[in-house]
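No letters, just coordinates:
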């Protein structure tokens with residue numbers, strides 16, 4: 001059954017490992033939900049998506065699965081991914097007159113052709129009549145306000161939930177790029193593992209994310225503490241533990257060093273003429289991990305470059321998609337070269 005009406009509008013989809021954002025050509029960001037779904041096992045019914053499903057992580061009975069269908073920038077569960085996108089577009093159809101939508105969707109540097117074909121099939125099965133792909137770092141650069149058409153190179157680094165990606169852009173093209181499957185979700189897992197080893201307490205993903213939000217800093221200071229409750233491995237009973245900023249730093253620093261190594265490798269792949277521009281202008285970072293305190297100073301110190309955080313780092317990709325949807329020349333180029 002076709003979900004849509006007869007007329008068609010462009011919608012943009014920022015398909016992130018942790019968050020899915022949807023953009024309307026004439027309105028901007030209209031959906032912003034965690035990439036999480038709760039499904040009833042026996043009937044395969046969708047019980048919740050987004051924020052409501054996130055609250056269910058680690059709390060569901062055996063007959064209900066609350067899961068993240070996108071892992072490290074890849075589609076781990078195609079059916080669940082389809083359910084989320086279908087539900088979000090259905091809600092959008094009920095709220096807005098989008099008709100038979102034409103879709104501009106971001107892709108990660110490491111996304112395989114098999115995954116792209118799966119997304120195409122998924123969207124076409126839902127009635128979408130035109131599908132255009134756009135590199136995430138390119139969209140983020142546009143959303144951050146970088147002059148991507150200038151002959152002088154810009155560098156964009158996106159540290160999201162599942163992947164960290166870097167791209168050098170000049171004359172409207174990506175000249176060098178790189179990625180690593182290490183990002184915000186991996187920092188959460190590192191915190192979980194640290195608490196398990198240090199305190200013999202198992203905490204959930206939401207608790208680890210709360211610790212990251214409240215304590216993660218690349219310049220930790222004393223007297224910054226936060227308490228979380230988990231399961232005591234010795235007794236099996238609930239136990240509350242207190243962590244400080246230095247402990248969270250110890251848990252995540254090695255992963256952030258690997259992200260810096262990825263950026264350094266991107267610079268190694270950059271043509272010398274463009275590298276001079278990067279040394280002069282620095283780089284811009286976006287994504288959820290850009291909220292980690294002093295991460296810009298940390299990267300700057302390691303790479304000897306000026307580092308800035310985008311004005312709206314969590315929405316950079318979606319804002320870039322929105323700008324491109326409203327730029328006729330850029331949209332025309334995508335249609336001519338990347339049309340599905």
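Structure received. On a predicted model such as this, the values are computed, not experimentally measured, just so you know. Numbering: from 1, shown residues only.

got the residue ranges for the helices in this protein?
Ranges of helices in the chain, per DSSP state H, are 51-54, 78-95, 113-125, 136-143, 184-199, 205-215, 245-268, 272-281, 295-303, 316-325, 328-338.

Contacts for the third one, please.
Contact with helix 113-125 is made by 15, 74-75, 78, 81-82, 85, 103, 105, 107, 131, 133, 340, as judged by CB atoms under 8 Å, 6 or more residues apart in numbering. Using the backbone N, CA and C atoms, a C-beta is placed for each residue, glycine as well.

For PyMOL, write a command that selects the buried ones of the residues you listed.
The buried residues among the contacts of helix 113-125 can be selected in PyMOL (16 or more other CB atoms under 10 Å) with this line:
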select buried, resi 15+74+75+81+82+85+103+105+107+131+133
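
Just name the closest of the contacts of helix 113-125 to residue 49, please.
Closest approach between the contacts of helix 113-125 and residue 49, by CB to CB: residue 85, at 9.7 Å.

Isn't the closest one up against residue 126?
Yes - shown here, residue 85 and residue 126 form a contact pair, counting by CB atoms under 8 Å, at 7.3 Å.

Tell me how far residue 148 lies from residue 88.
From residue 148 across to residue 88, the span is 28 Å (CB to CB, to the nearest Å).

make that residue 134, sorry
The gap separating residue 134 from residue 88 is 18 Å, by CB to CB.

To what extent is residue 297 buried, counted in neighbours?
When neighbours are counted by other CB atoms under 10 Å, residue 297 registers 12.

what does residue 254 give?
If we define neighbours as other CB under 10 Å, then residue 254 has 10 of them.

ok, and the closest non-adjacent residue to it?
Spatial nearest neighbour of residue 254, chain neighbours left out: residue 190 (7.9 Å); criterion: CB to CB, 6 or more residues apart in numbering.

Kindly state the pLDDT recorded for the one you found?
In this model, residue 190 is scored at 98, pLDDT.

Residue 340 now?
40.

How about residue 53?
Per-residue pLDDT puts residue 53 at 89.

do residue 311 as well
At residue 311, the predicted lDDT confidence score is 93.

Next: residue 75.
The predicted local confidence for residue 75 is 81.

wait, what's in contact with it?
Contacts for residue 75 (CB under 8 Å, 6+ apart) come out as 69, 81, 115, 118, 119.

quick one: the strands in the stretch 1-150 of the chain?
For the stretch 1-150 of the chain, the strands defined by DSSP state E, counting those that start in this stretch cover 10-15, 19-24, 28-34, 37-40, 46-49, 64-67, 70-71, 74-75, 102-107, 130-135.

And the third one, what's buried?
Counting neighbours by 16+ other CB under 10 Å, one finds that the buried residues in strand 28-34 are 28, 29, 30, 31, 32, 33, 34.

before we move on, the earlier item: hmm, the residue nearest to residue 254 is touching residue 249, no?
No - between residue 190 and residue 249 there is no contact under CB under 8 Å: 10.9 Å.

Out of the two, name the residue with the larger neighbour count.
Taking other CB under 10 Å, residue 190 and residue 249 do not tie; residue 190 has more neighbours (21 against 18).

before we move on, the earlier item: compare the helices of the chain and say which comes out lowest on pLDDT.
helix 328-338 (a mean of 74).

Tell me the helices and strands packed up against it.
strand 130-135, helix 316-325 (3 or more CB pairs under 8 Å, 6 or more residues apart in numbering; DSSP states H and E).

and these, which is most packed in?
For those, the largest average neighbour count (mean count of other CB atoms under 10 Å) is found in helix 316-325, namely a mean of 27.

quick one: that one to strand 28-34, angle?
150 degrees (axes from the mean of the first three to the mean of the last three CA atoms, to 10 degrees).

got the contact list for helix 316-325?
10, 12-14, 16, 21-23, 25, 28-29, 32, 104, 106, 134, 136, 138-144, 158, 286-287, 310, 312, 330-331, 334.

which of those count as buried?
Here, 16+ other CB under 10 Å leaves 10, 12-14, 16, 21-23, 25, 28-29, 32, 104, 106, 134, 136, 138-144, 158, 286-287, 310, 330-331, 334 buried among these.

Contacts for stretch 203-217 next, please.
54-55, 57-58, 184, 187-189, 191-192, 195-196, 224-226, 228-230, 243-245, 247-249, 252, 291-294.

Any quick ChimeraX command for the buried ones out of those residues?
To isolate the buried members of those in ChimeraX, using 16+ other CB under 10 Å:
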select :54,57,184,187,188,191,192,195,226,228,230,243,244,245,247,248,249,252,292,293
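
Test my guess that residue 169 contacts residue 151.
No - Residue 169 is beyond contact range of residue 151, at 11.0 Å (criterion: CB under 8 Å).

The two: which has the busier surroundings?
In this view residue 169 and residue 151 are compared by other CB under 10 Å, and residue 169 has more residues nearby, 26 against 11.

Please name the bridge partners of that one.
Note on residue 169: beta-bridge partners by DSSP bridges are residue 154, residue 174.

All set now, cheers.
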